[in-house]
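Colleague: Let me see the structure of the following:
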Amino acid sequence: MPSFTGSALQGTFFLLLGLWWSIKYPVKYILRKLNADNQSSRWIQCMDIVEGTAKTFFALGGILAEQFDPDGPHMSLYDEDTKNWVQLMNWQHMTMYLFYGFSGVVDVLTYSPIKLPVGLDRLLVAIALLTEGFLFHFHDYEGAALSEHIYSLLLIAVFGGALCALLEVFQRDHILLELFRASLFILQGSWFWQIGFVLYPPGGAPGWNQASDGNKNFLTICFFWHYAVGLLVMVVNGAASHWCANNCSINIDDIDLELDIGFCFRRKNTTLDPVLLPENSGEEK
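Modeller: Numbering: from 1, shown residues only. Alright, predicted model coming up:
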């Protein structure tokens, strides 16, 4: 929906997803280093399933909000009376949410008995990003120079994330690619909020002057400020993950040790009699 609420909703979706990834991927990387025998794989699968479910439901909520907002199209695409399309901006946003919903469904099905091909989840993320990028690229801004400029800056993060996700299809579990994608999603989320304040200020205030070159120059600078803050957030989350892993490593080792000792005792009990019986029978003879 072309409003501050619509931009805030989109921004919240991308911001939460990027922040979650900035925590999930460092934890996933550290767990794999601490557990060379992949004992943490079950936790990683649970995180992926929860993420896919949340992504699907959030996308569904975005679709319903875009369609059934009081000013929305209410599933009407073309008005026969006026011979015009109905609220195409809402339909564009709904299409964007639809493909992110597909991505969430594939995330969940990846760990189902269906056994989807490896890399399909990353491919769906790339398709969703490409869909979003082309929708905004070919949108008619009706001569609003500032609106076109601010969305063109957004496309840097969108197409950059799409390229990163495509590389992950072939280079699976690459921590640098995963973190780079997370940073671009954080950038997308914060920039959608910026778009809301620029084009649809809350409280009914008028939007920024569309013809001002100063506004365009400042927003270009502001875009990279947003990315700088996003990178700082990534550093803080990565450092916090590393600190937690170091403090919890002793407990993890203790748990693994107890499990190994229990397994050894069970193995000893099951193999004791078959080993001793031949020796006893030999002595009796």
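
Colleague: What ranges does this structure have for its helices?
Modeller: 4-34, 41-68, 88-109, 120-137, 145-170, 175-199, 213-284 (DSSP state H).

Colleague: Select from the ones you listed the stretch with the lowest mean pLDDT.
Modeller: Averaging pLDDT over each of the helices of the chain singles out helix 213-284 as the lowest, with a mean of 66.

Colleague: Name the residues that touch stretch 217-225?
Modeller: Stretch 217-225 has contacts (CB atoms under 8 Å, 6 or more residues apart in numbering) with 146, 149-150, 153, 156, 191, 194, 198. No exception for glycine: its C-beta is placed from N, CA and C like everyone else's.

Colleague: again, only using 10 Å
Modeller: Outside stretch 217-225, the residues that touch it by CB atoms under 10 Å, 6 or more residues apart in numbering are 146, 149-150, 152-154, 156-157, 187, 190-191, 194-195, 198, 208, 212, 215.

Colleague: As CSV, could you dump the C-alpha coordinates of that stretch?
Modeller: The C-alpha coordinates for stretch 217-225 follow below in CSV (Å, rounded to 0.1, in the frame of the first residue of the first chain):
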residue,chain,number,x,y,z
ASN,A,217,22.2,14.1,-2.9
PHE,A,218,21.4,13.8,0.8
LEU,A,219,19.4,10.6,0.4
THR,A,220,22.3,9.1,-1.5
ILE,A,221,24.6,9.8,1.4
CYS,A,222,21.9,8.6,3.8
PHE,A,223,21.6,5.3,2.0
PHE,A,224,25.2,4.4,2.8
TRP,A,225,24.8,5.6,6.3
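
Colleague: Going forward, the N-terminal residue is numbered 19.
Modeller: I'll keep to 19 as the first residue from here, and by that count the last item is stretch 235-243.

Colleague: which parts of that stretch are buried?
Modeller: Buried positions in stretch 235-243, judged by neighbour count with 16 or more other CB atoms under 10 Å: 237, 241.

Colleague: Would you agree residue 109 is in contact with residue 84?
Modeller: Yes: with contact defined as CB atoms under 10 Å, residue 109 and residue 84 form a contacting pair (7.7 Å).

Colleague: Overlap in contacts, the two.
Modeller: In contact with both residue 109 and residue 84: 90-91, using CB under 10 Å, 6+ apart.

Colleague: So between these two, which is more surrounded?
Modeller: residue 84 (25 against 19; other CB atoms under 10 Å).

Colleague: residues in contact with the more buried one?
Modeller: Residue 84 neighbours (CB under 10 Å, 6+ apart): 19, 24, 27-28, 90-91, 105, 107-116.

Colleague: Same check on residue 214?
Modeller: 21-29, 220.

Colleague: now swap in residue 27 and tell me
Modeller: 19, 21, 76, 79-80, 83-84, 111, 115, 210, 214 are the contacts of residue 27 under CB under 10 Å, 6+ apart.

Colleague: With residue 92 instead?
Modeller: Contacts of residue 92 (CB under 10 Å, 6+ apart): 85-86, 104-105, 108.

Colleague: Just the buried ones from those residues, in PyMOL syntax?
Modeller: Buried residues within the contacts of residue 92, by 16+ other CB under 10 Å, are selected in PyMOL with:
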select buried, resi 85+105+108
